[in-house]
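K.L.:
Build me a model:
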Amino acid sequence: MFGPRRPRRLLAATLGLAIALPLTLPAMASGADHRHRADRSRHFAHHAPRPGLTGQSFYFVMGDRFANGDPANDTGGLGGDRLTHGFDPTAKGFYQGGDLAGLRERLDYIEGLGTDAIWLTPVFKNKAVQLEDGPSAGYHGYWITDFTQIDPHLGTNAELTELIDAAHDRGIKVFFDIITNHTADVIGYEEGARTAYVPKDVSPYRSADGTPFDDRDYPDPFPPLDPATSFPYTPVLESGEEDLKVPAWLNDTTLYHNRGNTTFVGEDSQYGDFFGLDDLFTEHPTVREGMTEIYSTWVEEFGIDGFRIDTMKHVDDAFWQHFGPALQDVATEAGNPDFFMFGEVALDGSDAAAKAFTSRYTTMNRMQAILDFPFQWAARDFASRGLSAQQLAEFFVADDWYTDADSNAYALPTFLGNHDMGRIGHFLRNDNPGATEEELLARDRLAHELLYLSRGNPVVYYGDEQGFAGTGGDQSARQTMFASQVEEYRTGDQLGTDRTPASDNYDPSHPLYRLIGELDALRESHPALRDGAQQVRHAASGPGLLAFSRFDRSTQREYVVLLNNSKASAAADVPTWVRGGAFEKLYGAGPARLRTDGHRELSVTLPGLAAAVYVSERAIPRSHQAPAISLRAPSPAAEDRGRMHVAADVAGTSFYEVTFQARVGDGPWRTIGVDDSAPYQVFHDTSAIEPGTPVAYRAAVLDNAGHTRGSAARSTQVLSPAVVIGAPTDGGTVTSIDPVTISATVQPERPGQVVEFERSVAGGGWTSLGTDDSAPAYTAVDDVSDLPLGTSVSYRAVLREPGQAPVTSAVVTVTTAEPAPAVGSVTVAGSLQSELGCPADWDPACAATGLAFDTTDGQWHATFTLPGGSYEWKVAIDGSWDVNYGAGGAAGGSNLALTVPASGGTYTFTWDQVTHVPSVAPAG
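P.N.:
Numbering: from 1, shown residues only. Next up is the predicted model:
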C-alpha cells in the first residue's frame with residue numbers, strides 16, 4: 001500500500017442509458033448473402049448509450065508549470081547542482097517549481113472555467129535528470145522510477161490527498177496521467193547505450209535454455225527468461241541503480257524488451273525503447289499483473305477519478321484487454337462506478353483510416369475511450385487552416401467506427417493542442433502568416449466553439465485560455481502560468497492580450513478565459529450540447545458554413561449549431577426535424593429568432609469566423625409509427641479487414657436510433673452497437689472469429705415516440721485474413737547495391753501465423769526467399785546485386801496459419817536502378833563543428849559539415865581535417881534534430897566518440913542510408 005486508507009468521496013453519477021448485453025466480436029468478410037424474415041418482436045431496439053463520461057470538460061495541467069505553492073520543494077530534497085536535482089527556472093528543460101500545493105491554491109481559477117475534471121501530467125517520482133537527453137530533467141513526469149509516491153519536486157502523497165479532497169469539494173474530478181509502456185532510462189546494454197533496434201526476425205526472443213519463441217504465441221505460461229541469453233542486447237544496471245525502481249519487480253531486467261531504440265514505425269513501435277527509456281515487456285504476465293496492481297492501489301487508496309494513459313499504441317493489444325476491464329472492476333468495488341480511462345493513440349490525419357486504427361482500442365481492446373487525435377487534426381483543418389467544411393462533416397460521419405455495444409464517440413476527450421505537438425495558438429500563427437491579431441483571436445474562438453459545441457469531452461490545455469502560443473511543440477509549448485525566467489517564454493506573444501509569460505497569467509478577464517467559461521455554462525444549461533445525439537445537417541464544399549443538430553431526448557427539442565470558417569459571411573438553408581417552427585438563439589451571431597419553412601429548413605446567415613446556436617421553441621413532432629428499415633449487404637471495411645461494415649437504410653424524416661445485432665454461427669443474437677445519427681452503421685469487430693464462420697446481422701429502428709421496427713436479417717461469412725506488402729513500393733525502384741527488404745503485415749493478426757516471401761525475376765518462376773513467424777511485422781531480405789540495372793523483380797507474400805487455406809498478397813513489382821539519395825541532406829553534427837568552420841557546435845543545419853551522396857556505393861561521405869582533441873558527434877537529417885542517428889544507427893541514439901591525436905588528422909565520415917549507421921575512419 002502507498003499510504004493510509006481514507007474514505008472515498010463520491011461524486012454525482014453520470015447518467016447512463018440501459019443497453020443490451022455487450023459483445024466483443026471481430027469484423028466479418030463478405031460471402032453468401034442470405035436474407036431472413038424480419039424479426040417481429042423487435043425487443044432489442046434501444047437508445048444509444050452514453051457510457052462512461054460524456055458531459056465533462058477537462059483542464060489539462062502540467063504540475064511543474066502551473067503554480068509554485070511551496071518553494072521549499074523546488075529541488076525535490078536533492079543536493080548538488082541542477083544536473084543532480086533538476087531545478088533551474090531559467091531553463092525550459094528543467095523543473096520550474098510548480099507543485100500540487102500551488103495547484104490547490106489556484107482551484108478558484110480552474111473552477112472559473114467551468115472545469116469538471118483536472119487531468120494532471122504524471123506526478124510519480126521521476127529520475128530527476130537524464131544527462132543523455134539534453135541534458136534535461138523529469139519535470140514532465142514521463143521518466144518514472146517510483147510508481148508508489150509523488151515526485152518530491154511536486155509534493156507528497158499527503159498533499160495529493162489534500163488536492164483531491166479540495167477538488168472533490170468543488171465537484172471537480174482528478175485524473176492521473178499514467179504510463180505502462182516504459183520507465184526512466186536506467187537499463188543499459190553491454191553492447192552500448194541507446195542502440196539501434198534489432199527486429200524479432202533477425203534475433204528472436206529465446207527462453208532461458210536458448211530456445212527461440214515468439215511472445216505473441218505465448219500469452220500464458222510465458223517461457224522463463226535469462227538476461228544473458230533471451231534478448232538481442234544484454235541488459236545491465238549500473239552500480240547503485242540495481243534497486244532504483246519501485247515496486248521491486250521493475251528492477252528485473254528480463255521484464256523489458258531489450259531490443260534498442262524505436263523508430264516509431266512497424267514492429268519496433270511496440271518493442272523499441274523511446275530514446276533509451278526502458279520499454280516494458282507488456283506481453284509478459286508479470287508486467288500485466290504488476291501494472292494492474294500499481295494503478296489499482298492509486299484508485300483504492302486515493303480516490304483517483306480516472307486515468308489518461310500515455311503511449312497506448314506502443315503497448316500490445318492483449319495488455320489492454322486485461323488492464324482496462326480489471327481497473328474498472330477495481331474502481332467499482334472501491335465505490336466509483338464512474339471511473340473513466342482514455343488513452344493516447346497519437347497519429348496524424350482525420351480520415352476513416354485514422355479512425356479505423358484509433359477505434360480498435362475501444363472496440364477490440366475493451367478500453368473506454370481514447371484521446372481524439374483525429375478530432376484535433378480535423379479541428380485545425382477547419383478553424384486554423386480554413387479547409388472545406390465538407391471535410392469536417394465527413395469526419396463526424398465516420399464517428400461510427402467507435403460505435404460498439406458499450407462505447408461510442410460521445411465519450412472521446414477532444415482537444416486542440418497539447419504538451420507534445422504544440423498549442424492551438426502556435427498552429428494559428430503558422431497556418432495564417434500575415435494574419436492580424438484580430439483574425440487569429442477570432443480563429444482561436446472558432447476552434448474553441450467547435451471544441452465545446454460538438455460531441456466529446458473538451459480538453460483545455462493549461463494556458464490556452466490565456467492565449468499562450470509558443471514557438472513549437474514539446475518544451476516550447478510548456479510555459480509557466482507563473483512569471484517565467486526562461487527567455488524563450490518571457491518574450492513569447494499571447495493571443496488576446498498584451499501580457500507575456502514574463503508575468504503571472506491567471507487573468508479571468510482574458511477574452512478566451514471568458515469564452516471558455518461561457519461555452520461551458522451553455523453546455524451545463526443545455527445538456528443536449530454536452531452529449532445529445534449529433535446529426536450533420538449542412539457543409540459547404542469549401543470554406544464556409546458547417547451545421548449540425550444536437551438532440552435532447554428528454555425534451556425532444558432540437559439544437560442547431562452553426563460554424564463558419566470562412567472570413568466572409570455565409571448563408572445556407574439548413575435541414576431540421578421541425579416544420580414551420582421557431583428557433584431561439586442561445587449563443588453567438590445572428591437574429592434572436594428564426595423560423596423553419598414548410599420543408600423543415602432554417603434559412604441562416606452567419607458572419608465570417610463566427611458561430612451560433614439555436615434551439616427549437618417546441619418539441620419536434622412525435623412519430624406516428626416506426627419507419628421502414630433494411631440492411632445493406634455486410635462487407636469487410638476497406639480500411640480494416642478485421643471489421644465488418646454493417647449499414648441500414650431508414651425511411652422517414654425524424655430522429656431515429658438504430659440498434660444492430662449479430663449472431664455468430666448458432667449462437668445468440670448480441671447487440672454490437674446503437675447509432676443515433678444518419679447514416680446508420682457500425683463496424684463490427686470480427687478479428688477473433690475463425691474464417692468461414694457464418695455471421696448473421698439484423699437491425700431495429702426506435703423512433704422518438706417509442707415505436708420500433710425490425711429489419712430482415714442478412715448473413716455472410718468471415719473471410720480469411722489479408723496479407724499486405726508494405727515495402728518496397730509497387731512500381732518503384734530499388735538500388736542494385738543494397739539488399740532489398742520486403743515487409744508485410746497481416747490483418748487481422750492472430751497467433752500462429754507464418755508468412756513466406758517469394759520473388760520472380762523478369763516474369764520468371766516464383767522462388768522462395770524464406771519465411772518469418774515473428775508478428776506483428778514480417779520481413780525478408782533479397783540480394784539483387786547480381787541483376788542488371790533495369791531488371792524487373794516481383795515479390796509476393798503467402799500467409800499460412802493452422803487449419804486455414806494459404807492466402808497470397810497482391811504482387812509488388814520494382815525495377816533495379818542506380819542508388820539515389822533517400823533524404824535531402826546529411827550533416828555531421830557535434831563538438832567538432834566549430835573546428836570545421838561552423839558558427840557553433842551541434843548545429844544540424846551547418847552546410848560546412850555536410851556529407852555528399854555517392855552513387856557508386858549508395859552512401860553519404862565527406863572528408864575533414866581536424867586538430868587534436870576528443871570529439872562527440874552524430875548525423876542529423878535534413879537540417880534539424882527531428883531525425884538523427886547515433887551509435888549503431890539508432891534513431892536518436894548515443895553520440896559517437898572520435899579521438900584525434902595531438903598532431904591532428906584527416907578522417908572520412910560516412911552514413912549508410914539503408915542501415916542508418918554513421919561511421920568514421922582515417923582517410924586514405
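
K.L.:
CA only for contacts and neighbour counts going forward, please
P.N.:
Fine.

K.L.:
wait, what's in contact with Asp649?
P.N.:
Shown in contact with Asp649 (Cα atoms under 8 Å, 6 or more residues apart in numbering): Ile629, Ser630, Leu631, Arg632, Pro679, Tyr680.

K.L.:
In strands only, show me those residues.
P.N.:
The strands, defined by DSSP state E, take in Ile629, Ser630, Leu631, Tyr680 from the contacts of Asp649.

K.L.:
okay, now the last one: neighbour count?
P.N.:
Counted by other Cα atoms under 10 Å, the residues lying close to Tyr680 total 23.

K.L.:
Look up which residues are beta-bridged to it.
P.N.:
Ala648 (DSSP bridges).

K.L.:
thought it was touching Ala648?
P.N.:
Yes: in this structure Tyr680 lies within contact range of Ala648 using Cα atoms under 8 Å: 5.6 Å.

K.L.:
Please report how far Ser774 lies from Arg750.
P.N.:
11 Å (Cα to Cα, to the nearest Å).

K.L.:
now do Arg600
P.N.:
Noted for Arg600: a distance of 50 Å to Arg750, by Cα to Cα.

K.L.:
any low-confidence regions in the stretch 451-600 of the chain?
P.N.:
Low-confidence segments of the stretch 451-600 of the chain, defined by pLDDT under 70, are absent.

K.L.:
Repeat that for the chain.
P.N.:
Residue ranges of the chain with pLDDT under 70: 1-42, 219-220.

K.L.:
how about a cut-off of 80?
P.N.:
1-43, 52, 218-220, 924 (pLDDT under 80).

K.L.:
Could you tell me which residues make contact with the closest residue to Ala483 other than its chain neighbours?
P.N.:
Once flanking residues are discounted, Ala483 sits nearest to Ser503: 4.0 Å by Cα to Cα, 6 or more residues apart in numbering. The contact partners of Ser503, by Cα under 8 Å, 6+ apart, come to Phe482, Ala483, Ser484, Arg490.

K.L.:
same question, Glu241
P.N.:
Val186.

K.L.:
Is it within a helix or a strand, and which one?
P.N.:
According to DSSP states H and E, Glu241 maps onto no helix or strand at all.

K.L.:
how close does it get to Trp842?
P.N.:
As judged by Cα to Cα, Glu241 and Trp842 stand 30 Å apart.

K.L.:
same deal with Phe213?
P.N.:
Noted for Phe213: a distance of 42 Å to Trp842, by Cα to Cα.

K.L.:
Compare these two (neighbour count), which wins?
P.N.:
Trp842 (22 against 18).

K.L.:
Ser603 against Ala571, yeah?
P.N.:
Yes: Ser603 lies in contact with Ala571 (Cα under 8 Å); the separation is 7.4 Å.

K.L.:
show me what contacts Gly542?
P.N.:
Going by Cα under 8 Å, 6+ apart, Gly542 touches Leu387, Ser388, Ala389, Gln390.

K.L.:
By neighbour count, which of these wins?
P.N.:
Counting neighbours by other Cα under 10 Å, the top entry in those is Ala389, with 27 neighbours.

K.L.:
residues contacting that one?
P.N.:
Phe382, Ala539, Ala540, Ser541, Gly542, Pro543, Gly544, Leu545, Leu546, Asn565.

K.L.:
out of these, which one sits closest to Ile737?
P.N.:
Ile737 has its nearest neighbour among the contacts of Ala389 in Phe382, at 46.0 Å by Cα to Cα.

K.L.:
my read: the closest one touches Asn565, true?
P.N.:
Yes: counting by Cα under 8 Å, Phe382 does reach Asn565; the two are 6.3 Å apart.

K.L.:
These two - which one has more neighbours?
P.N.:
More crowded of Phe382 and Asn565, by other Cα under 10 Å: Asn565, with 31 against 27.

K.L.:
coming back round to it: let me have the contacts of Ser503 in JSON lines, extended by distance to Val917, neighbour count and secondary structure.
P.N.:
Shown next, in JSON lines, are the contacts of Ser503 (distance: Cα to Cα, whole Å; neighbours: other Cα atoms under 10 Å; DSSP: H, G, I helix; E, B strand; the rest coil):
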{"residue": "Phe482", "distance to Val917": "44", "neighbour count": "19", "secondary structure": "coil"}
{"residue": "Ala483", "distance to Val917": "44", "neighbour count": "16", "secondary structure": "coil"}
{"residue": "Ser484", "distance to Val917": "41", "neighbour count": "23", "secondary structure": "coil"}
{"residue": "Arg490", "distance to Val917": "40", "neighbour count": "17", "secondary structure": "helix"}
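
K.L.:
In TSV, list these along with distance to Asn258.
P.N.:
Below are the contacts of Ser503 laid out as TSV (distance: Cα to Cα, whole Å):
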residue	distance to Asn258
Phe482	41
Ala483	42
Ser484	39
Arg490	41
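
K.L.:
so how far is the helix or strand harbouring Thr779 from its chain's centroid?
P.N.:
Using DSSP H and E, Thr779 sits in strand 778-782. Relative to the chain's own centre, strand 778-782 is displaced by 29 Å; criterion: Cα atoms, centre = their mean, to the nearest Å.

K.L.:
One more: stretch 157-168?
P.N.:
Centroid separation for stretch 157-168 versus its chain: 29 Å, with Cα atoms, centre = their mean.

K.L.:
cool, and stretch 441-459?
P.N.:
19 Å.

K.L.:
C-alpha coordinates for that stretch, CSV please?
P.N.:
Output of stretch 441-459 as CSV, limited to C-alpha atoms (Å, rounded to 0.1, in the frame of the first residue of the first chain):
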residue,chain,number,x,y,z
LEU,A,441,-8.2,35.6,-32.0
ALA,A,442,-11.3,35.0,-34.0
ARG,A,443,-10.0,31.7,-35.3
ASP,A,444,-9.0,30.7,-31.8
ARG,A,445,-12.5,31.5,-30.6
LEU,A,446,-13.9,29.4,-33.5
ALA,A,447,-11.7,26.5,-32.6
HIS,A,448,-12.9,26.5,-29.0
GLU,A,449,-16.5,26.9,-30.1
LEU,A,450,-16.2,23.8,-32.3
LEU,A,451,-14.5,22.0,-29.3
TYR,A,452,-17.3,22.8,-26.9
LEU,A,453,-20.3,22.5,-29.1
SER,A,454,-19.6,19.2,-30.9
ARG,A,455,-19.6,15.7,-29.5
GLY,A,456,-17.0,14.6,-27.0
ASN,A,457,-15.4,15.8,-23.7
PRO,A,458,-13.5,19.1,-24.4
VAL,A,459,-10.0,19.4,-23.0
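
K.L.:
list the buried ones in that stretch?
P.N.:
Residues of stretch 441-459 classed as buried by neighbour count (16 or more other Cα atoms under 10 Å): 441-459.

K.L.:
Now go through those and say which are in strands.
P.N.:
Among these, the members found in strands (DSSP E) are Asn457, Pro458, Val459.

K.L.:
Would you check how far apart the last one and Asn418 are?
P.N.:
As defined by Cα to Cα, Val459 lies at a distance of 9 Å from Asn418.

K.L.:
same check, this time on the second one
P.N.:
When Cα to Cα is the yardstick, Pro458 and Asn418 sit 13 Å from each other.

K.L.:
Tell me the bridge partners for Val875.
P.N.:
Beta-bridge partners recorded for Val875 (DSSP bridges): Val828, Tyr885.

K.L.:
check contacts around it.
P.N.:
Val826, Thr827, Val828, Ala829, Pro844, Asn884, Tyr885, Gly886, Trp911, Pro918.

K.L.:
from memory the last one sits against Thr910, does it?
P.N.:
Read it as Pro918. Yes: taking contacts as Cα under 8 Å, Pro918 lies within contact range of Thr910: 5.7 Å.

K.L.:
Can you tell me, leaving aside adjacent residues, what's nearest to Gly732?
P.N.:
Nearest residue to Gly732, sequence neighbours excluded (Cα to Cα, 6+ apart): Val814, at 5.1 Å.
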